[in-house]
Every structure is written in structure tokens, then in C-alpha cells.
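Chemist: Whatever this is, show me its structure:
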Amino acid sequence: MSDPAFYSREYNNRALVPEHPQFFARWADSSARARATMICYLDRRYGEAPGETMDIVPARKGDGSCMMFIHGGYWRSLDKSDFSFLAPAAVDAGVSLAVVNYDLCPRVTVEEIVQQMLRASRWLYLNAEQYGMDEDRLYVLGLAADDPGRLAAAGPATGRGDRAPAVARVSASGNARAGDDVRRREGKLRIQAPERAPRRALEKRLRG
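Modeler: Below is the predicted model:
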């Protein structure tokens, strides 16, 4: 089918979910509470562009694993501050959380956003120890349009190099409303462990 109106209807999630403002408001409220009650390092800059910042919430226990989370919004909306609600469940599980911002379309192209995410993963890899994280336990996750698999594939496609140490695909049934919902839905959340590249290859690729 080549009818543009059909695809517009099918891919316009805001139109398909008319109550989406309620979800956004709940995310923002839960995220504000998380930032107010947890140790957070906000607006850490990984590049020079206005949107190249991330918020880091370190775990006090665990094996040093870190989730680099790329927020959704079809490349055009939302902000890292809307997703801090993921932190309580992650930290309780011993996993640090880094929620990454990027410049939004149409100010930049999707290719530029891909490059920003590759810079973010490189920065996080190089600075992991400063936040109590293991550079070899960095996992990239994304929501909706920001599926990390697309970013992993886009790196070599653009011919520009930097890659994240590992990519984890996340599948979940239902919409997580806040960190406590993530814990209750533990049985439905699955993270597939990635295959790792040899450490020397990672260092060469990420340290330059």
C-alpha cells in the first residue's frame, strides 16, 4: 500500500493513543521524584552541541553494569528528564542508569543524532570508572524509534566508526508507568545478553 494517509494513521502513536498526555505527565512526575530522592549527576556533557548531555544515576552495589538509555519521541520530542523514573528499579537491581539527550529533528538530521549517540557511548565508556561503573558492562537500550539495534547498525553504515561496547535488546509487554511498575513486571521484562567483542578491539575502537 502506498497511501501516505494510511501510514500517517498507522505510525502516529499520539493519534492512536489519545490519552498519551496522561502518560507523559505521569512519567514527568515520577521522574522528578526520582531525581529529588536519589544521587544524580545531571547534564553531564558528552559533546559540544546543545543537546549532547546525559543524566547519570549510579548504583551503590552490583557488578558495575550500566544501562545507557536513549529516550523515545520519534527523534522529534521528549527529553532525558522524562525518563528518570527508570532509575529506582535499575539502581535497586545494582545497575547504573545513564539517560542520554540528543538534539531533535528538524534542527538536526537523524544521521547527526546517530553520531551523537555514538559519541555518548564513547564518552560513557571512557568515563565509566568515575561513576563506579565497569566500562565492559555498558548496555545500550532505547525506546520506540530509538531502538539501539538501529543505532548499532547505523554506526558502520555511516562509515564513521565509534561503536558501543554492547547492545542489549529489551522486550516488555505493557507500558511501564514508573519504577515500581518495572519491578512488578519483572517476569515480563527480558534483557538479552549481548555478545562481546574482544577487550582489545573495544579499546581500539572506543579509545581511538
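Chemist: all helices for this structure, in order.
Modeler: Counting by DSSP state H, the chain has helices at residues 4-11, 13-16, 20-37, 87-92, 110-127, 148-158, 179-184, 199-207.
Chemist: got any ranges where this structure has weak pLDDT?
Modeler: Filtered on pLDDT under 70, the chain yields the residue ranges 1, 12-13, 15-16, 145-208.
Chemist: repeat that with 50
Modeler: The chain contains residues with pLDDT under 50 at 155-161, 163-208.
Chemist: which residue sits closest to residue 104, ignoring its sequence neighbours?
Modeler: Leaving aside its sequence neighbours, residue 104 sits nearest to residue 76 (C-beta to C-beta, 6 or more residues apart in numbering; 5.4 Å). No exception for glycine: its C-beta is placed from N, CA and C like everyone else's.
Chemist: got the contact list for that neighbour?
Modeler: When contacts are counted by C-beta atoms under 8 Å, 6 or more residues apart in numbering, residue 76 touches 104, 105, 106.
Chemist: Just the buried ones from the residues you listed?
Modeler: Buried members of the contacts of residue 76, counted by 16 or more other C-beta atoms under 10 Å: residue 104.
Chemist: As a markdown table, the contacts of residue 76 with distance to residue 141 would be great.
Modeler: Shown next, in a markdown table, are the contacts of residue 76 (distance: C-beta to C-beta, whole Å):
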| residue | distance to residue 141 |
| --- | --- |
| 104 | 19 |
| 105 | 21 |
| 106 | 25 |
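Chemist: quick check, nearest of the contacts of residue 76 to residue 49?
Modeler: Of all the contacts of residue 76, residue 104 has the smallest distance to residue 49: 11.1 Å, by C-beta to C-beta.
Chemist: show me what contacts the closest one?
Modeler: Going by C-beta under 8 Å, 6+ apart, residue 104 touches 51, 73, 75, 76, 77.
Chemist: In ChimeraX, select just the buried ones from those residues.
Modeler: Of the contacts of residue 104, the buried ones go into a single ChimeraX selection, burial set by 16+ other C-beta under 10 Å:
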select :51,73,75
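Chemist: Nearest to residue 127, out of the contacts of residue 104: which one, please.
Modeler: For the contacts of residue 104, the nearest to residue 127 is residue 51 (18.3 Å; C-beta to C-beta).
Chemist: Could you measure from the residue lying closest to the closest one once chain neighbours are set aside over to residue 54?
Modeler: Leaving aside its sequence neighbours, residue 51 sits nearest to residue 103 (C-beta to C-beta, 6+ apart; 3.6 Å). Note on residue 103: its distance to residue 54, by C-beta to C-beta, to the nearest Å, is 13 Å.
Chemist: Equivalent analysis for residue 76, please.
Modeler: Distance from residue 76 to residue 54, counting by C-beta to C-beta: 19 Å.
Chemist: excluding its backbone neighbours, what's nearest residue 77?
Modeler: residue 104 (6.8 Å).
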